[in-house]
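Trainee: sequence? don't have it. structure:
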């Protein structure tokens, strides 16, 4: 037997190990489930705080707790689930699974528990515990990307680093009594930057694949200099907004970035796949992100409420994109047909309603509280539907594929 022949083996395909709990076989399983469940429960608690004066977050403060758990609780779980699934596909390396994956999940869960009742351990220790998860995720992704020599994917690490710094800054600003607006905007900017980069990778790809399967040759425009320019202008607009949300420069840059990204979205021909909600919703989410960029520009010029623009970015862009990616990836990686079910479509409709109601609350101040609670309920419905439909899939369904012979 030659040396080359001795390296022939018949492993189980990546991520489909047949030993250990299914939930720990691939990163998307525990973290998408965690994002769905916590996205539901955290909003229920916030609605209860608004409507029934429920005390949550202890001395951290319920408003700060709500902002933090939306930006760094549910969102970071969705991000982790995506990256721990996508990075192995990009690098060709084995995914993080088993005990290491359980360890990452435990860090995330610990952060949620200590911040819900921070006075049990003390405010500073609770903040310190919560601040560990994102740097740990950054370290894992950096190791995989560097080991896989995928240098072009290093830019993804910048987005995670921004979020890790924003999380630490959120805690420090709250502790110092400076308010959490600036680090909160920094976190939103980090997620939006990742949507610009990763969205520009997956949206044209998924759209092209769907169009090819359905017999058309009118494909999305490939990545080019226009995309680089749109991302660059978007980044500058976000930096200006994070630093000062009310300057003329922020207004002009926000409007320019919104327009550029709407044109970028148009170049991906999303209307061609309107028949398939799993693909169309990705385009809707990116469009809401671009609209949010324009919204912060309009708000900076004094023609719109800054909180309304912020929630178009967060509920609309980030919320819709995470829900879209989680549902699509959960189906694709467990062997389900790549078509949205009725429950999945209902979750998309609910998150869209939540996105629309939040800015309307500013337009109708006499009904503001009712509209805020209605928007929160629509959010709860969206993520509860996701959790109800996909929890059994993420917990118990393996993707059955034949074992193939590969060279080690």
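Mentor: Happy to help now that I have it. Just so it is clear, the structure is predicted and the values come from calculations on it, not from any experiment.
Trainee: residues touching the closest residue to residue 336 other than its chain neighbours, list them.
Mentor: Spatial nearest neighbour of residue 336, excluding adjacent residues (C-beta to C-beta, 6 or more residues apart in numbering): residue 393 at 7.0 Å. To be clear about C-beta, it is placed using only N, CA and C from the backbone, and glycine gets the same treatment. Applying C-beta atoms under 8 Å, 6 or more residues apart in numbering to residue 393 gives the contacts 330, 331, 334, 336.
Trainee: any idea which element residue 323 lies in?
Mentor: helix 320-332 (DSSP states H and E).
Trainee: burial of residue 92, as a residue count?
Mentor: 10 (other C-beta atoms under 10 Å).
Trainee: Could you double-check that it lies in contact with residue 147?
Mentor: No. When contacts are counted by C-beta atoms under 8 Å, residue 92 is not listed as touching residue 147 (10.1 Å).
Trainee: Would you verify that residue 337 is located in a strand?
Mentor: No. Assessed with DSSP: H, G, I helix; E, B strand; the rest coil, residue 337 is coil; it does not lie in a strand.
Trainee: tell me the pLDDT at it?
Mentor: Note on residue 337: pLDDT of 89.
Trainee: Nearest residue to it in space, ignoring adjacent ones along the chain?
Mentor: residue 331 (7.2 Å).
Trainee: How about residue 95?
Mentor: residue 88 (4.1 Å).
Trainee: what's the answer for residue 253, then?
Mentor: Per C-beta to C-beta, 6+ apart, closest to residue 253 is residue 237, 3.7 Å.
Trainee: how about the one you found, secondary structure?
Mentor: helix.
Trainee: how close does it get to residue 163?
Mentor: 18 Å (C-beta to C-beta, to the nearest Å).
Trainee: Likewise for residue 23?
Mentor: When residue 23 is compared with residue 163 (using C-beta to C-beta), they lie 24 Å apart.
Trainee: likewise residue 67?
Mentor: To residue 163, residue 67 is 14 Å away according to C-beta to C-beta.
Trainee: okay, these two: which has more neighbours?
Mentor: residue 163 (27 against 21).
Trainee: So which elements touch the strand or helix carrying the more buried one?
Mentor: Per DSSP H and E, residue 163 falls inside helix 154-176. Helices and strands touching helix 154-176, by 3 or more C-beta pairs under 8 Å, 6 or more residues apart in numbering; DSSP states H and E, are helix 62-68, helix 75-91, helix 123-130, helix 133-147, helix 181-213.
Trainee: What lies in contact with the third one?
Mentor: Outside helix 123-130, the residues that touch it by C-beta under 8 Å, 6+ apart are 58-60, 72, 110-111, 114-115, 118, 120-121, 167, 171, 175.
Trainee: just these now: which is nearest residue 381?
Mentor: residue 72 (23.0 Å; C-beta to C-beta).
Trainee: Could you tell me how many residues sit around that closest one?
Mentor: The burial count for residue 72: 28, using other C-beta under 10 Å.
Trainee: How much space separates the residue nearest to residue 110 when sequence neighbours are not counted from residue 34?
Mentor: Distances taken as C-beta to C-beta, 6+ apart put residue 129 closest to residue 110, at 5.4 Å, once the chain neighbours are dropped. Residue 129 is 16 Å from residue 34, where distance means C-beta to C-beta.
Trainee: which of those two has more neighbours?
Mentor: Per other C-beta under 10 Å, whichever of residue 129 and residue 34 has more neighbours is residue 34, with 23 against 17.
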